[in-house]
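K.L.:
show me the folded form of this:
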Amino acid sequence: MRVVEIVFAVGWAAFWLYWIVAAFSMKRGRVPWSRELGIRAVIAVVAILLIRAGALRGHDLTTDAWRAGLGLALFALGLAFAIWARMHLGRNWGTPMTQKVDPELVTSGPYHLVRHPIYSGILIAGVGTALALSWMWLTAVVLAGIYFVYSATVEERYMTEQFPDTYPVYKRSTKMLVPLIF
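P.N.:
Numbering: from 1, shown residues only. Presented below is the predicted three-dimensional model:
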């Protein structure tokens with residue numbers, strides 16, 4: 001395993017470990033698993049099939065220094081953005097599509113730039129991983145992107161119900177995942 005691969009493996013492992021530990025401080029809520037089980041099952045089946053087919057293991061490109069450096073920079077920027085968003089949300093954070101008890105609408109910090117900065121950050125980190133290691137990792141990024149757009153849409157439905165006066169205004173003034181674009 002090359003040094004660049006080790007850096008990415010340790011970086012992703014540390015990120016997800018932080019994520020799991022930070023989850024213990026969130027507000028109570030409920031995840032409508034039965035309602036959203038279909039999309040989660042489809043994503044899981046496609047991911048398993050891709051892994052079994054070896055799509056995420058290939059190293060089709062030789063990583064040169066500039067691409068590895070740019071990939072590492074995007075990776076670090078993406079994870080930092082996601083962590084900033086998670087910290088800014090504090091106890092209001094929840095797993096995708098969770099309905100919180102006593103939710104608060106957070107529109108400051110990274111949420112002033114995009115409505116779903118955690119998803120944005122993870123996708124940027126994924127693109128950085130693909131750039132540095134292998135373009136085949138874009139398969140995982142695309143799958144995550146599909147799931148994140150779906151989750152964001154469901155979450156926005158909940159937020160509109162919870163904050164009928166303020167969320168539509170926020171939604172019109174802020175893009176979903178990419179500032180000024182989408």
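
K.L.:
for the rest of this, base every contact and every neighbour count on C-alpha atoms.
P.N.:
Will do.

K.L.:
the strand or helix carrying V45 - what's its average pLDDT?
P.N.:
Using DSSP states H and E, V45 falls within helix 33-53. Averaging pLDDT along helix 33-53 yields 63.

K.L.:
the helix or strand just after it: which residues count as buried?
P.N.:
The first helix or strand that comes after helix 33-53 along the chain, using DSSP H and E, is helix 65-89. For helix 65-89, a neighbour-count test (16 or more other C-alpha atoms under 10 Å) marks 67-69, 71-86, 88-89 as buried.

K.L.:
also stretch 147-158?
P.N.:
Neighbour-count burial for stretch 147-158 [16+ other C-alpha under 10 Å]: 147-148, 150-152, 155-156, 158.

K.L.:
averaged pLDDT, it. What do you get?
P.N.:
Here the average pLDDT along stretch 147-158 is 92.

K.L.:
for the chain, name the helix or strand with the lowest mean pLDDT.
P.N.:
strand 29-30 (a mean of 56; mean pLDDT, DSSP states H and E).

K.L.:
residues contacting the residue nearest the centre of the chain?
P.N.:
The structure's the chain has its C-alpha centroid closest to Y119; by C-alpha atoms, centre = their mean the separation is 2.9 Å. Contacts for Y119 (C-alpha atoms under 8 Å, 6 or more residues apart in numbering) come out as 82, 145, 148, 177.

K.L.:
export those residues to JSON lines and tack on distance to I124?
P.N.:
JSON lines is the format used below for the contacts of Y119 (distance: C-alpha to C-alpha, whole Å):
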{"residue": "A82", "distance to I124": "9"}
{"residue": "G145", "distance to I124": "10"}
{"residue": "F148", "distance to I124": "13"}
{"residue": "L177", "distance to I124": "10"}
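
K.L.:
including distance to L133 and secondary structure, could these go into JSON lines?
P.N.:
JSON lines is the format used below for these (distance: C-alpha to C-alpha, whole Å; DSSP: H, G, I helix; E, B strand; the rest coil):
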{"residue": "A82", "distance to L133": "21", "secondary structure": "helix"}
{"residue": "G145", "distance to L133": "19", "secondary structure": "helix"}
{"residue": "F148", "distance to L133": "23", "secondary structure": "helix"}
{"residue": "L177", "distance to L133": "24", "secondary structure": "coil"}
